[in-house]
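>>> Dropping the sequence and predicted coords here.
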Amino acid sequence: MAVAVALVVSSAVIAQAPPSQARQAKSPWVYYPLDTISGDGGPAPKRDLSGTWAGPGSTDAIPRGAAAERPSLTPLGQQVLSQRKPIGRYGPAGTNDPTARFCDPLGFPLNFIYQNRAMSVSTMPNRVVFLLQFGGFWREVWTDGRALPTKVGGDDRDSLDPTYMGYSVGHWEDDYNFVIDTTGLDERTWLLRDGTPHSVMAHVQERWTRVDHNTMKVAMTIDDPKMFTKPFSLGTYYYRWVPNQKINEWLCVPSETLKYLQEQGDPAGSYPNGEPQRLGGGGRGR
Amino acid sequence: MAMGTPLAAHHGDAAYSDKPNEMKGCVVTEFDWMNPHSLIKFDYKTAAGEVEHWTMEIGSPPSMTLLGWSRTTLRAGDVITAYVYQAKSGVKVGRTNKVILADGTVLADRDDSTPSRYGAEPPK
């Protein structure tokens, strides 16, 4: 009876699977996002995040974490935010989101909050390296005990350049919790999709927890007195092990974005005061 | 677990009508499987015999792959029935509601049962 039920359930799943994936023979060169891992895979390895992971929004199999808190902006933060036109309200034609219009890098931490549907993590002797699917970016987190820089983006000769990924140091708080501190973030990047800004010396802290072999999560907070009156949570995000450890290329290609804007986004126009609605564009995170 | 509002999607859809046009006998002229959103271009012959050139978007390749689309789903010359939310500006561009292929396969642009992933954005 159990076998019969299992067969019925399994046929139903196959029947609902998208045709392009259901009828394909599996190739080691292909990422199958619907092939999600089952169970916990056993205990978490110690002090290790290495592997290839499916992230938020890749499929419904990824647990949904806590949402970001609403920031309390300083007058400067409010002023910068007031100049930003998020795509959610202005659409592709009216937005000034640099990623939507020009494929500019999302930068950290937005690229861990938005569109991080898959990534790999590699452990090197003195670094943990995050390799992001979206945009093909990487990010280095130094684990050799160095301190974070204190001068970034200033006028002094010894002040470092701001970067899209920032400057990051990490340490294992215990065998399963890896804490990363980051600063030196390029101010051209938006902190959140709604245009919320950050300053170059914002301090972002991430706590990565290896829950079990197949699961890890990260809780992120930001402290940026220039833009916010108090620190706040940027949310919690879950990742699950990718069974064949293969993910696909997913880039923001400027020529494709230009084509999209010229032939679709811009002709459609911008209606910032229109009633918001959601018509299409993919089921799971566009 | 916090749930996000589905309205906080990649981009606002306020530029488009909220009722799809049904257009039968559309002839695909181009299928661009690309980011940030793939484009389907087709010719549609009106009741008056005029041929209109349309462009409609679907989601990004990673999103649409989950819904059964692929780079080879459409080819120039394919005849489809298109359900399109036309731009309010009146130009012949739109967002896709669904497409019915010649063999009867129905491909939607999103899955109504799927919540938005954008739960981590601050509440409005």
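That came through fine.

>>> So, low pLDDT: which residues of the stretch 101-250 of chain A?
By pLDDT under 70, the stretch 101-250 of chain A contains no weakly predicted segment.

>>> Mind picking out the helix or strand in chain B with the poorest mean pLDDT?
When the helices and strands of chain B are scored by mean pLDDT, DSSP states H and E, helix B:61-66 comes last with a mean of 86.

>>> Spell out which parts of the stretch 101-250 of chain A neighbour chain B.
Listed as neighbours of chain B in the stretch 101-250 of chain A under the rule C-beta under 8 Å from any C-beta of the partner chain: A:I113, A:Y114, A:R117, A:L192, A:R193, A:D194, A:T196, A:L234, A:G235, A:Y237, A:N248, A:W250. Glycine gets a C-beta too; all of them are placed from N, C-alpha and C.

>>> Export the host helix or strand of A:E256 to CSV, keeping only CA atoms.
According to DSSP states H and E, A:E256 maps onto helix A:254-260. Listed next in CSV are the C-alpha coordinates belonging to helix A:254-260 (Å, rounded to 0.1, in the frame of the first residue of the first chain):
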residue,chain,number,x,y,z
PRO,A,254,24.8,45.1,-20.7
SER,A,255,23.9,44.5,-24.4
GLU,A,256,21.0,42.3,-23.4
THR,A,257,19.8,44.8,-20.8
LEU,A,258,20.0,47.6,-23.4
LYS,A,259,18.0,45.5,-25.8
TYR,A,260,15.4,44.8,-23.2
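
>>> Counting by contacts, list what it packs against.
Contacting helix A:254-260 under the criterion 3 or more C-beta pairs under 8 Å, 6 or more residues apart in numbering or on different chains; DSSP states H and E are the following elements: helix A:98-102.

>>> which element follows the helix it packs on toward the C-terminus?
Next along the chain after helix A:98-102, taking DSSP H and E as the criterion, comes helix A:110-113.

>>> could you point out which element follows that next one?
strand A:118-124.

>>> which residues sit against that following strand?
With C-beta atoms under 8 Å, 6 or more residues apart in numbering or on different chains as the contact definition, strand A:118-124 has outside contacts at A:31, A:33, A:48-55, A:58, A:128-133, A:239, A:242, A:247-248, A:250.

>>> Out of these, list just those in strands.
Residues of these located in strands (DSSP state E): A:G51, A:T52, A:W53, A:A54, A:V128, A:V129, A:F130, A:L131, A:L132, A:Y239.

>>> Pick out the residue nearest the middle of chain B.
B:T96 (2.1 Å; C-alpha atoms, centre = their mean).

>>> Check the offset of whichever helix or strand it is part of from the chain's centre.
According to DSSP H and E, B:T96 maps onto strand B:93-100. Relative to its chain's centre, strand B:93-100 lies at 3 Å (C-alpha atoms, centre = their mean, to the nearest Å).

>>> For the residue nearest to the spatial centre of chain A, list the residues it contacts.
In chain A, the centroid-proximal residue (C-alpha atoms, centre = their mean) is A:F112; its distance is 2.6 Å. Shown in contact with A:F112 (C-beta under 8 Å, 6+ apart): A:E206, A:V218, A:M220, A:Y237.

>>> Specify which member of those residues is nearest to chain B.
Nearest to chain B among the contacts of A:F112: A:Y237, at 7.0 Å, using C-beta to the nearest C-beta.

>>> buried ones in the one helix or strand that closest one maps to?
Counting by DSSP H and E, the element that carries A:Y237 is strand A:232-241. By neighbour count on 16 or more other C-beta atoms under 10 Å in any protein chain shown, the buried set for strand A:232-241 is A:F232, A:S233, A:L234, A:G235, A:T236, A:Y237, A:Y238, A:Y239, A:R240, A:W241.

>>> Could you please name the strands that strand pairs with and the direction of each pair?
strand A:51-54 (antiparallel), strand A:215-223 (antiparallel) (DSSP bridges).

>>> in the stretch 51-200 of chain A, what residue is nearest chain B?
For the stretch 51-200 of chain A, C-beta to the nearest C-beta, closest residue to chain B: A:G57, 3.2 Å.

>>> burial of that residue, as a residue count?
Residues near A:G57, counting by other C-beta atoms under 10 Å in any protein chain shown, number 27.

>>> How about A:G65?
For A:G65, using other C-beta under 10 Å, the count is 19.

>>> A:I113 is in contact with that one, correct?
No - counting by C-beta atoms under 8 Å, A:G65 stays clear of A:I113, with 10.5 Å between them.

>>> mind showing which ranges of chain B have poor pLDDT?
B:1-12, B:110-124.

>>> which residues of it fall in strands?
B:21-32, B:39-45, B:51-57, B:79-86, B:93-100, B:106-108.

>>> ranking those by burial, who's on top?
Mean neighbour count (mean count of other C-beta atoms under 10 Å in any protein chain shown) peaks for strand B:93-100 among the strands of chain B, with a mean of 23.

>>> residues in contact with that strand?
Contact partners of strand B:93-100, identified using C-beta under 8 Å, 6+ apart, comprise A:263-264, A:267-268, A:279-281, B:13, B:16-17, B:20-21, B:40, B:54-58, B:74, B:80-87, B:106-109.

>>> Sheet partners, orientation included, of it?
Counting by DSSP bridges, strand B:93-100 is paired with strand B:51-57 (parallel), strand B:79-86 (antiparallel), strand B:106-108 (antiparallel).

>>> Okay, and the beta partners of A:T209?
A:T209 forms beta bridges with A:N177, A:K217, as assigned by DSSP bridges.

>>> which residues does it contact?
A:Y176, A:N177, A:F178, A:M216, A:K217, A:V218, A:A219 are the contacts of A:T209 under C-beta under 8 Å, 6+ apart.

>>> show me what contacts B:E30?
Counting by C-beta under 8 Å, 6+ apart, B:E30 touches B:L39, B:I40, B:K41, B:A76.

>>> Closest to chain A out of these?
Looking across the contacts of B:E30 and measuring by C-beta to the nearest C-beta, the closest to chain A is B:L39, at 5.9 Å.

>>> Test my guess that the closest one contacts B:D32.
Yes - using C-beta under 8 Å, B:L39 makes contact with B:D32 at a distance of 4.4 Å.
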